[in-house]
Structure formats: structure tokens, C-alpha cells
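Student: My questions concern the predicted model and sequence given below.
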Number of protein chains: 2
Amino acid sequence: MAVDCVVFGLDATKADLRVLLIRRAIPPFKGGWALPGGFVWAGESLEDAARRELKEETGLADVFLEQLYTFGEPGRDPRGRVVSVAYYALVNLNEHPPKASSDAEGAAWTPVAKAPSLAFDHAKILETALARLKGKLRYEPLGFELLPRRFTLSQLQRLYEIVLERALDKRNFRKKLLAMDRLVDLKEVEKDVAHRAARLYRFDEEKYRQLKKKGFNFEL
Amino acid sequence: MAVDCVVFGLDATKADLRVLLIRRAIPPFKGGWALPGGFVWAGESLEDAARRELKEETGLADVFLEQLYTFGEPGRDPRGRVVSVAYYALVNLNEHPPKASSDAEGAAWTPVAKAPSLAFDHAKILETALARLKGKLRYEPLGFELLPRRFTLSQLQRLYEIVLERALDKRNFRKKLLAMDRLVDLKEVEKDVAHRAARLYRFDEEKYRQLKKKGFNFEL
DNA sequence: TCAAAAGTGTTAACCATACACCCATGC
DNA sequence: GCATGGGTGTATGGTTAACACTTTTGA
């Protein structure tokens, strides 16, 4: 019984979506790239195991984490029958620089488009996670997890464009998001930018939870 | 490592959604109601295990089956740590009368609204499956799995109304579904009904698969 | 003064919704 | 002939989509 984590991060400056990979320190696939993960302990819940492995292997803690899918084909692990429950996590890359430790000889934020070949069936897990992220972003405001707490509307739009892989109209995007009334205008602007400074916003989680309970629809 | 199955069936005549429950033949919870399921064999995939258990305990085979969620809280099974991968299945109740066998002393189609208390954390699994069914029905044409191969538009509408738990407008429903162009008019009508006979349709799976590849949207 | 990104409204097409009556059939 | 459910169209309001220019700032 194992868990694996697909951790997505957004590099706001370089405009690409990245995934956190580790180099395996132990066989099988020693030295190869893989998703962070490992075996579940006896008294531990699956989500706790995922968070523990994430912490151990990459230093990340307190991130958005959700169950993705369970992979259990008999031949997926050369050591024998290992069923793995995959989770996906979303983090803001700038606030969460990863550091390597114990099980992993290193961790690296790799652009998803350029991911190397991965150990086990991790390529398939990554693909499943990407599909889920794209699907979910369209009707739930997951995206905020990938941004800093204070962000501009352009950053938010860029995020949607990167994940959904298509261009969005600026005016329509703003209209729609502001109409959703989930954003709080912080009445502040960016500093030290070489162009007109943009307003900063934050996501209003409280309002979001209330509306979600009522069955509100957040489709983009 | 176990699997459990939430099998939904639609009783077209009585207009309710049912779930297939078994009476446990062995401890723990002997004699209590539970979802069909059991342990995964060594060389078997998770989905194969789910199908096997379904066949053994209820006689059902060749049904629509999809992974739902994995439940792994340490205390969920009194025998010790058992992680269970839950699947949900959709069947047409009239074409699939269940029969009991081996592990189960009986299987019964129970209206979901009146489900008895269930063994293990099966109530939670059922709840999760219901939420998934409702959510998915809105943007994927899952519903056809619950109907006979040949059905009327009224049957289809009733299904949506039962699962989504709200009334739908007849004219708008027909317009929308016919516009989706996923239904084949069989140029036949019902027989032996005490009112005007309705046209029969079938679902066009081929067209559906093609459109799905192109990212078409089936929202109702 | 230039470059770079922020910010802002209007129009037209489309889609969702609300709504009521006649039709075919078996009893 | 009546009860039952089948089948049909239109008008309105709201939502989405397309589209271009001015503003602010720092270098």
C-alpha cells in the first residue's frame, strides 16, 4: 500500500506549469525521476501518508491536497503487488521552494511539458492528474491555490490560460471573475514594476465556502 | 486490499433510484447490510476484482463500472487495516435481476432514500457515490447506462429528474437532448400502453466517443 | 518618449427558461 | 368519451463572445 503525489506549481514569471519530481535514492529505478511518494504506515490514514511523504521528500507542508485515483495494475511495481493511491497537490511555487532530504537525492520543479520519463507508471499518474486539474479548474476555483495570497487579475488569467492551454479574452475574464464576487480588492497595487502597477486581490475563502454549500456554480 | 461496489439501478416503473445491497454471510457484521465487495487477489487488477466480486455476490456482469474513491482510514474495518477501493456501477434494473450466491446470503435492490444502516463505512461510500453520480450526470451522458437499450424520452427525463432530484421542463429537455445529436430515433413506438405510444430511441455510443475525443461538452 | 502591461464598454449571437394545448391510444 | 401520457413552438431575458483604445509606470 503506497501513496504518490503529483504536486503542481506555477512559475508566475516564466508562465509555465511545473510538477515536482524527485530522484530516487533507492532501487528500483534508483537515480531515476519519480513522483514523491512511499509506503503507508499501519496506523496512518492515506492522506496523512501522502502529506508525510511530501514533507520527507520535498520539505513541503500545509498544501492543498486531494485524492486523485488509485493505481493497482498487478505489474506496476517490480517489487511485487503494490497498490498506490495517488494524490495531487497545488502550491504556489514562489512561496514553496523545495528542499531535498532522506529518501530523495533531490527534488526539482520540472515543466510538465518537458517531464522526463518516469519510474513505475508515474507518467500515467501525471497524465491523470493533469486531466483532473484541467477538468476541475473549469468549475471550481482551484486556481487560487497556485497563486500567492495576493495576486493580480493578470496573474490569475495567465494561470487559467496555462492550465487550460488556450487564450482567454481579458475583458470577459475580468467581468466574469469580478461578477463571481469571490475576490477581495486589497486596494493596493504592485510595486517596482516597469509598467502601470496592477491592483492586488485575494481570494475570499469564507464567501466561497458559503456559496458552495448552497450549490453555487463556479464555471469559468 | 479490498474493493467495494456501489451498484445503482433505476426502477423505471416505480420512479426511484436503487442501490444493490447484500446481507453479509460472514463476520464482521454478519447478517448486516453491506455493499458487495471483498478482497483483491494477488495477480488481479482492482477493476477485475470489483467485477469478480460483483459477479460472485450478485450475479451481475458486463456492467458500466468506474472507480469512485479509495477509503483507507485506519479504523474502518474491525479486522485490521483494510484499504478499500470503491467502484460505482450503473445497470438497468429490468435487464439485470440479481441473484444471491456464495459470499452473500442475499442481495436486494433498495431505494437509496431508504437504505438501512450499513456495515463498515459503507454509508459514507454510498453517499460519495451518489454525489459523484449527480455531479457527473450533469455533463456526461452516463444516464443511458441506467436505461434499457431502447427507451423513450420520457424515461430518460424521469431518470434525470430522479437522480438530480428536481423537475425538468419537458419541451426544453427534449430540445436539448435531441440537439446534442447523440440519440438515434429507432422509428418504432412502444406497444401495449394505455396512452399514445412513445417513440423509442437508443444512445449512439459511436458518435459520443468521437465527440468526446474532440472535447465536446455534454452539460445538461 | 518608449515599452509594457493595466484597465475599461458595447454590441450581436446564442442559449436557457417559461409556458399551454392538441394528439394518440386503451379501457 | 375519458384518462393517460406523448408530442410540439415561441417569446423573453440573460449569458457569452468578439472586439480596440487609453492609462500608468519605470527605464
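Tutor: Perfect, I can see it now.
Student: Counting by contacts, list what whatever helix or strand residue A:90 lives in packs against.
Tutor: Residue A:90 is part of strand A:84-92, with elements assigned from DSSP states H and E. Judged by 3 or more CB pairs under 8 Å, 6 or more residues apart in numbering or on different chains; DSSP states H and E, the packing partners of strand A:84-92 are strand A:2-11, helix A:46-58, strand A:64-71, helix A:122-137. C-beta here means a position set from N, CA and C on the backbone, and glycine is covered the same way.
Student: hmm, 10 Å instead?
Tutor: Under the contact criterion of 3 or more CB pairs under 10 Å, 6 or more residues apart in numbering or on different chains; DSSP states H and E, strand A:84-92 touches strand A:2-11, strand A:16-24, strand A:37-39, helix A:46-58, strand A:64-71, helix A:122-137, strand B:64-71.
Student: need those in a markdown table with mean neighbour count and distance to DNA strand D, can you?
Tutor: Listed next are the helices and strands packed on strand A:84-92 as a markdown table, based on neighbours: other CB atoms under 10 Å in any protein chain shown; distance: least, CB to the nearest atom of the strand, whole Å:
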| stretch | mean neighbour count | distance to DNA strand D |
| --- | --- | --- |
| strand A:2-11 | 25 | 22 |
| strand A:16-24 | 21 | 22 |
| strand A:37-39 | 19 | 38 |
| helix A:46-58 | 21 | 34 |
| strand A:64-71 | 19 | 25 |
| helix A:122-137 | 18 | 15 |
| strand B:64-71 | 19 | 24 |
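Student: Mind putting these into TSV with mean pLDDT and distance to DNA strand C?
Tutor: Output for those, formatted as TSV (pLDDT from 0 to 100; distance: least, CB to the nearest atom of the strand, whole Å):
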stretch	mean pLDDT	distance to DNA strand C
strand A:2-11	95	15
strand A:16-24	93	15
strand A:37-39	97	37
helix A:46-58	96	30
strand A:64-71	98	24
helix A:122-137	96	19
strand B:64-71	98	25
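Student: Can you lay out these as a markdown table showing distance to residue A:108?
Tutor: As requested, the helices and strands packed on strand A:84-92 are arranged in a markdown table below (distance: least, CB to CB, whole Å):
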| stretch | distance to residue A:108 |
| --- | --- |
| strand A:2-11 | 11 |
| strand A:16-24 | 6 |
| strand A:37-39 | 16 |
| helix A:46-58 | 10 |
| strand A:64-71 | 20 |
| helix A:122-137 | 14 |
| strand B:64-71 | 28 |
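Student: re the thing from before, angle of the strand holding residue A:90 against strand B:64-71?
Tutor: 70 degrees (axes from the mean of the first three to the mean of the last three CA atoms, to 10 degrees).
Student: chain center to strand A:84-92, what's the gap?
Tutor: 6 Å (CA atoms, centre = their mean, to the nearest Å).
Student: after it comes which helix or strand?
Tutor: Following strand A:84-92 toward the C-terminus (DSSP H and E): strand A:104-111.
Student: Compute the inter-axis angle for that next one and strand A:2-11.
Tutor: Using the same axes, to 10 degrees: strand A:104-111 against strand A:2-11 is 50 degrees.
Student: Which strands or helices does strand A:104-111 pack on?
Tutor: Looks like strand A:104-111 contacts strand A:2-11, strand A:16-24, strand A:33-34, helix A:46-58 (3+ CB pairs under 10 Å, 6+ apart).
Student: and chain B, which of the ones you listed is closest to it?
Tutor: helix A:46-58 (4.0 Å; CB to the nearest CB).
Student: related to what we said a few turns ago, partners of the strand holding residue A:90, with directions?
Tutor: strand A:2-11 (parallel), strand A:64-71 (antiparallel) (DSSP bridges).
Student: Using CSV, lay out the helices and strands packed on strand A:104-111 together with distance to residue B:65.
Tutor: Formatted as CSV, the helices and strands packed on strand A:104-111 follow (distance: least, CB to CB, whole Å):
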stretch, distance to residue B:65
strand A:2-11, 23
strand A:16-24, 30
strand A:33-34, 29
helix A:46-58, 22
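Student: lowest-confidence helix or strand of chain A?
Tutor: The weakest-scoring helix or strand in chain A, judged by mean pLDDT, DSSP states H and E, is strand A:104-111 (a mean of 79).
Student: Return the set of buried residues in that one.
Tutor: A:104, A:107, A:108, A:109, A:110 (16 or more other CB atoms under 10 Å in any protein chain shown).
Student: Ok, stretch A:183-191 next?
Tutor: A:183, A:190.
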